[in-house]
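Participant: build the 3D model from these lines:
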Amino acid sequence: MPEAKRIDLGDGTWLEVLSESRNDLLKRTEVEALAHHELKSTPARQAIREAVAKAYNKDPTAVYVKVIKTEYGVGISKVHVHVYDSHDDAVKVEPQYILARHGEAEKKQAKQKSGGGK
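Facilitator: You can find the predicted model right below:
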């Protein structure tokens with residue numbers, strides 16, 4: 001059995017990639033992983049985003065953390081991440097609330113207002 005891909009988050013925490021699947025239609029790689037953070041708080045969305053971007057050689061603005069699910073007292077969280085080919089591909093597909101979690105909802109609203117004409 002091949003060894004799982006490991007992505008270091010720093011501070012003794014790391015991601016264990018369980019599966020990767022390519023979605024060519026949406027131009028993204030969908031990553032399922034476990035975040036190991038025993039005796040530490042749940043890793044921040046931004047820390048996961050930057051570490052995954054570095055591991056997949058992508059710009060952090062093209063990486064979106066969809067879910068971080070932590071069970072009480074375990075020290076392991078399930079993580080679902082979308083890694084897009086480009087930021088523009090991501091903005092076309094990701095829902096507004098996901099963009100807002102990553103501080104990008106304002107950008108999408110500004111584009112829509114400037115392109116609306118009224």
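
Participant: grab the most central residue of the chain for me.
Facilitator: residue 65 (2.6 Å; C-alpha atoms, centre = their mean).

Participant: so what strands line up beside the host helix or strand of that one?
Facilitator: Using DSSP states H and E, residue 65 falls within strand 63-70. Sheet pairing of strand 63-70 (DSSP bridges) gives strand 76-84 (antiparallel).

Participant: against which helices or strands is whichever helix or strand comes after the strand it pairs with packed?
Facilitator: Using DSSP H and E, the next helix or strand after strand 76-84 towards the C-terminus is helix 87-93. Secondary-structure packing of helix 87-93 (3 or more C-beta pairs under 8 Å, 6 or more residues apart in numbering; DSSP states H and E): strand 28-36, strand 76-84, helix 105-116. Using the backbone N, CA and C atoms, a C-beta is placed for each residue, glycine as well.

Participant: let me know the average pLDDT across helix 87-93.
Facilitator: Summarised as a single mean, pLDDT over helix 87-93 is 91.

Participant: next structured bit after it?
Facilitator: Following helix 87-93 toward the C-terminus (DSSP H and E): helix 96-101.

Participant: just how off-centre is that next one within its chain?
Facilitator: Between the centre of helix 96-101 and the centre of its chain there are 12 Å (C-alpha atoms, centre = their mean, to the nearest Å).
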